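Student: Output the structure for:
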Amino acid sequence: MSETANLLILTASIVELEAMRYTPAGLPALNLKLEHESEVQEAGQTRQVKAAVKAVAFSAIAERLAKQAPGSIWKFSGFLATPRNGKHVVFHIQEFLQN
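Tutor: Residues are numbered from 1 along each chain as shown. I've put the predicted structure just below:
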């Protein structure tokens, strides 16, 4: 079996921040919604791309993100996963930097 990768790097703006919650283990957790907009080349054509992404952050990253202003733009990195009871992919943010 070849090595598999699950790494997402996305420049996006924070459009929604939910209230901080805590996992059963006591870790801070923050649900948020991100929006991305750009132009990409696809099949030799320039394409306008927009995407809204559900995201989650835990621990110190969640605490840092909770202090950021809606509308601010960041470079996020992390991985994709589907929650046990979910139907949609969620972006798990592991780090974010000023864009």
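
Student: Need the three-state assignment for the nearest residue to Gly71 once chain neighbours are set aside.
Tutor: In this structure, Gly71 finds its nearest non-sequential neighbour in Ser13, 5.8 Å apart by CB to CB, 6 or more residues apart in numbering. C-betas here are computed from N, CA, C, even on glycine. Classification of Ser13 by DSSP: H, G, I helix; E, B strand; the rest coil places it in strand.

Student: I'd assumed Ser72 was in contact with Ser13.
Tutor: Yes: using CB atoms under 8 Å, Ser13 makes contact with Ser72 at a distance of 6.6 Å.

Student: Give me the more crowded residue out of the two.
Tutor: A side-by-side neighbour count of Ser13 and Ser72, using other CB atoms under 10 Å, places Ser13 first with 16 against 11.

Student: and the strand or helix carrying Glu63, average pLDDT?
Tutor: Counting by DSSP states H and E, the element that carries Glu63 is helix 59-66. Per-residue pLDDT over helix 59-66 has a mean of 97.

Student: chain center to that helix: distance?
Tutor: 13 Å (CA atoms, centre = their mean, to the nearest Å).

Student: give me the low-pLDDT residue ranges for this structure?
Tutor: 1-2 (pLDDT under 70).

Student: Mind jotting down where the strands sit in it?
Tutor: Here the chain has its strands, by DSSP state E, at 8-17, 21-22, 28-42, 45-58, 73-81, 90-98.

Student: buried sites along the fourth one?
Tutor: Put plainly, it is strand 45-58. Neighbour counts over strand 45-58 (16 or more other CB atoms under 10 Å) mark Val53, Ala55, Val56, Ala57, Phe58 as buried.

Student: contacting residues for Ala43?
Tutor: Contacts here follow CB atoms under 8 Å, 6 or more residues apart in numbering; on that basis Ala43 touches nothing.
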